[in-house]
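Student: with the input below, show me the fold.
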Amino acid sequence: MSEGTWVGIDLGNTRVKVLAVGRGGRVVGASARATSGARVSWRTGGGMEIRRALSAERLWRLVEACLADLAAQGVEPRQSSVAVAGMGGPVVVLGADGKALLPVIGGMMRGLSPDDDGPGQAMDGSWYRETGYRPEQSALPGLRALARLEQERFARAAAVVSVEGYIAYRLCGEMAWERSVASATGGWNHDAEKWHDGFWEGAGLESASREPVLDGGRALGEVATGAFRGAAVMVGGHDYLCAELALGIRENSAMLDMLGTFEVTSVPLIDPWPREPVGGEVVDAATGCGRRTLMVELLVGPQLAWIEQTLGLSGDERLAEVRREMGRLSSDDLDDLVYLPFMYGEPVPRWRPGRRASFVGLRSHHSAAHMYRAVLAGLACHGELALRHLETVVGGHREATVVAGGGTRDAYWLQLKADVGQRRLMVPRTADSTALGAAALAAGGVAAREWLDELRRALLSATTVVEPRPGCGTVLARYQEVVGERGDALRAAAASS
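Tutor: Numbers count the residues shown, from 1 in each chain. Prediction:
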């Protein structure tokens, strides 16, 4: 293997992906593992059962296995450097022995109800102006609720680190936070460059060490054990922001639509950043450049999993059959059934966490294909509204919308999104832009300008363009009509109660 190989590790919700990249952005090694094998259920000290959480130890074992695959493929560890990107926000609580006391505490645990008196001083009005997050969007409510259920283990907490920082710690024995990942907890003060006053105290982790917050691409240590022993370890970053880095979103004044379990739509910001939220958008510290990004997050994967389970589409053959039937539906079939994808609240155009999902126009003749297609259309409509919302907040239409992530492998989904918004979508040649962005950080981040430019040219030279089909914008108009009608009905009901 030629000297200079950079390894990016992407800790996704459904897969751990690892790519080794050589000069010119050429992928010279790859491996992946499903995270299903790292999922656990546990009963808290307060008697609550939490299902399908990620075991920090099992996640580490998946990363170890992927790195062993690279070594077996001929990637030379001592000529390599590694950086870890991940979901941003999820944290690992460690005991004095450096072992995880609990499974990974992440955004999927936000269903934990915080106590009735709220997170106290954390709810003051300065929160968004300092962190770019509403308090209820941060990790604090879930952490506070879990602290009440797991008082004994929280009392033994010696350190708390991001899940990306935990994997880096297992690689090299050094612990740190990366700036964009700290920001994604909703508890990082952008201006003062420190944690928001009361954030960790409100979470019941005031005695736990919070290791230094560093920029992506900084040297952290050296892999100490396993098949990749001897590789350099660099500080990684937040997944979608690593994708922004790899794809040159900031330099091209484009928007990113990251299609995964979470659909993340984002646009780079130029200071000063908005100090009051309009909807559910948040402000994250960007990876590797000292600037900020405006982002809206939509939970897509759990809603698709729900409709597939509800309709009995768990088998690949049955799901394929329903998708074929969807392709035979007429335009009349498509407009009279609307799904409002607010299973986890409505983030745009206004922040309404209390909104609930619903079908509107459901009739006895509607089949599984009608319902599944309505869910896809509703998610596509709200994704388009998120893009338009960000354009409104930053004050201008963006010419290019780049889509990335695992969802880009679904041609039907991409065409539906293009049609709904009447928007051209640019699809890079690989869906694994997060791992490539992490590899760029492994190479020294934006300081490795020549290599990064080569990578971007390689990624974007074979971009596929998904063109919207004329006359398909009525789906969005009907969706907006139903959202408006439902909102009027809810306001009328509230006024009369």
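
Student: every contact and neighbour count from this point should use C-alpha atoms.
Tutor: Noted.

Student: low-confidence ranges, the stretch 251-400 of the chain, go.
Tutor: 251-252, 271, 288-290, 331-335 (pLDDT under 70).

Student: that one: strands as residue ranges?
Tutor: With strands called from DSSP state E, counting those that start in this stretch, the stretch 251-400 of the chain shows them at 255-259, 262-269, 282-285, 292-299, 338-340, 358-360.

Student: now the first one: buried residues?
Tutor: By 16 or more other Cα atoms under 10 Å, the buried positions in strand 255-259 come out as 255-259.

Student: tell me which strands it pairs with, and in which orientation.
Tutor: Sheet partners assigned to strand 255-259 using DSSP bridges are listed as strand 262-269 (antiparallel), strand 401-404 (parallel).

Student: ok, the third one next?
Tutor: With DSSP bridges as the criterion, the sheet partners recorded for strand 282-285 are strand 292-299 (antiparallel).

Student: again with the last one
Tutor: As defined by DSSP bridges, the strand partners of strand 358-360 come to strand 338-340 (antiparallel).

Student: coming back round to it: could you identify which of the strands of the stretch 251-400 of the chain is most buried?
Tutor: Ranked by mean neighbour count under mean count of other Cα atoms under 10 Å, the strands of the stretch 251-400 of the chain are led by strand 282-285, which reaches a mean of 27.

Student: C-alpha coordinates for that strand, CSV please?
Tutor: In CSV, the C-alpha atoms belonging to strand 282-285 read as follows (Å, rounded to 0.1, in the frame of the first residue of the first chain):
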residue,chain,number,x,y,z
VAL,A,282,-30.7,24.8,14.9
VAL,A,283,-27.3,26.3,14.5
ASP,A,284,-24.3,23.9,14.6
ALA,A,285,-20.6,24.7,14.6
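
Student: give me the distance from it to the chain's centre.
Tutor: 13 Å (Cα atoms, centre = their mean, to the nearest Å).

Student: just stretch 202-217 next, same as before
Tutor: With Cα atoms, centre = their mean, you get 20 Å for stretch 202-217.

Student: same thing with stretch 301-308?
Tutor: Between the centre of stretch 301-308 and the centre of its chain there are 17 Å (Cα atoms, centre = their mean).

Student: contacting residues around it?
Tutor: Stretch 301-308 is contacted from outside by 260-262, 314, 319, 341, 343, 372, 375-376, using Cα atoms under 8 Å, 6 or more residues apart in numbering.

Student: quick one: which of those residues has the most company?
Tutor: Comparing those by number of neighbours (other Cα atoms under 10 Å), Pro341 comes first, having 26 neighbours.

Student: surely it is in contact with Leu379?
Tutor: Yes. In this structure Pro341 lies within contact range of Leu379 using Cα atoms under 8 Å: 6.0 Å.

Student: quick check: mean pLDDT of stretch 211-231?
Tutor: Mean pLDDT, computed over stretch 211-231, is 92.

Student: if we can go back for a sec, list just the nearest of the buried residues of strand 255-259 to Gly89.
Tutor: Within the set of those, Met258 lies nearest Gly89; the separation is 16.6 Å, counting by Cα to Cα.

Student: hmm, the closest one is touching Leu247, no?
Tutor: No. Under the criterion of Cα under 8 Å, Met258 makes no contact with Leu247, lying 11.7 Å away.

Student: about what we covered before: for Phe154, which of the strands of the stretch 251-400 of the chain is the nearest?
Tutor: Among the strands of the stretch 251-400 of the chain, strand 282-285 sits nearest to Phe154 (Cα to Cα), with 27.3 Å.

Student: who touches the closest one?
Tutor: 131-134, 179-180, 183-184, 190, 273, 291-296.

Student: and those residues, which two are furthest apart?
Tutor: Between any two of the contacts of strand 282-285 (Cα to Cα), the greatest distance is 19.7 Å, for Arg134 and Arg291.

Student: and these two? Which one has more around it.
Tutor: Neighbour totals were compared for Arg134 and Arg291, and Arg134 leads with 22 against 17 (other Cα under 10 Å).

Student: which non-adjacent residue is nearest the more buried one?
Tutor: Tyr128 (5.2 Å; Cα to Cα, 6 or more residues apart in numbering).

Student: quick one on the thing from earlier: could the buried residues of strand 255-259 go into a markdown table alongside distance to Asp239?
Tutor: Converted to a markdown table, those look like this (distance: Cα to Cα, whole Å):
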| residue | distance to Asp239 |
| --- | --- |
| Met255 | 15 |
| Leu256 | 12 |
| Asp257 | 12 |
| Met258 | 10 |
| Leu259 | 12 |
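
Student: from these, pick the one nearest Leu140.
Tutor: Nearest to Leu140 among the buried residues of strand 255-259, with distances taken as Cα to Cα, is Met258, at 24.8 Å.

Student: show me the shaky parts of the stretch 1-150 of the chain.
Tutor: 1-3, 24, 107-125.

Student: now the helices for it?
Tutor: With DSSP state H, counting those that start in this stretch as the criterion, the stretch 1-150 of the chain has helices at 56-72, 126-131, 140-149.

Student: buried set for the first one?
Tutor: When burial is assessed from 16+ other Cα under 10 Å, helix 56-72 yields the following buried residues: 56-60, 62-71.

Student: packing partners of it?
Tutor: strand 15-21, strand 27-34, helix 163-172 (3 or more Cα pairs under 8 Å, 6 or more residues apart in numbering; DSSP states H and E).

Student: what pairs with the second one, and is each one parallel or antiparallel?
Tutor: The partner list of strand 27-34 in its sheet, established with DSSP bridges, is strand 15-21 (antiparallel).

Student: list the contacts of the partner strand.
Tutor: 5-11, 27-35, 62-63, 66-67, 70, 75, 435-436, 439.

Student: with stretch 213-226 instead?
Tutor: 64, 68, 83, 171-174, 176-179, 182, 229-237, 287-288, 440-446.

Student: quick revisit: include mean neighbour count when you put the helices and strands packed on helix 56-72 into a markdown table, please.
Tutor: Output for these, formatted as a markdown table (neighbours: other Cα atoms under 10 Å):
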| stretch | mean neighbour count |
| --- | --- |
| strand 15-21 | 24 |
| strand 27-34 | 18 |
| helix 163-172 | 25 |
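
Student: out of these, which gets nearest to Gln79?
Tutor: strand 15-21 (11.4 Å).

Student: tally of neighbours for Gly312?
Tutor: Gly312 has 12 nearby residues by other Cα under 10 Å.

Student: gap between it and Ala369?
Tutor: 12 Å (Cα to Cα, to the nearest Å).

Student: same deal with Met48?
Tutor: 36 Å.

Student: more neighbours: which of the two?
Tutor: Ala369 (20 against 12).

Student: partner residues bridging Val233?
Tutor: If you apply DSSP bridges, the partners that Val233 bridges to are Val82, Gly221.

Student: ok so, going back, can you say which of the helices of the stretch 1-150 of the chain is nearest to Val420?
Tutor: Short answer: helix 126-131, nearest of those by Cα to Cα, at 31.9 Å.

Student: can you mark which positions in that closest one are buried?
Tutor: Residues of helix 126-131 classed as buried: 127-131 (neighbour count, 16+ other Cα under 10 Å).

Student: can you show me the strands along the stretch 101-250 of the chain?
Tutor: Going by DSSP E, counting those that start in this stretch, the stretch 101-250 of the chain shows strands at 159-162, 177-178, 188-189, 194-195, 209-210, 213-214, 219-222, 232-234, 237-238.

Student: what's the first one packed up against?
Tutor: When you say that, I think you mean strand 159-162. By 3+ Cα pairs under 8 Å, 6+ apart, strand 159-162 packs against strand 91-94, strand 209-210.

Student: CA-only coordinates of stretch 430-450, as CSV, when you get a sec.
Tutor: C-alpha atoms of stretch 430-450 as CSV (Å, rounded to 0.1, in the frame of the first residue of the first chain):
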residue,chain,number,x,y,z
THR,A,430,-21.0,7.8,-3.7
ALA,A,431,-23.5,7.8,-0.9
ASP,A,432,-20.7,7.6,1.7
SER,A,433,-19.7,11.2,1.8
THR,A,434,-19.7,11.3,5.6
ALA,A,435,-16.9,8.6,5.7
LEU,A,436,-15.0,10.5,3.0
GLY,A,437,-15.3,13.7,5.0
ALA,A,438,-14.0,11.9,8.1
ALA,A,439,-11.1,10.7,5.9
ALA,A,440,-10.4,14.3,4.9
LEU,A,441,-10.1,15.1,8.6
ALA,A,442,-7.8,12.1,9.1
ALA,A,443,-5.6,13.8,6.4
GLY,A,444,-5.4,16.9,8.5
GLY,A,445,-8.8,18.6,7.7
VAL,A,446,-9.0,21.6,5.5
ALA,A,447,-5.2,22.1,5.9
ALA,A,448,-4.9,19.2,3.4
ARG,A,449,-6.3,21.5,0.7
GLU,A,450,-4.8,19.9,-2.4
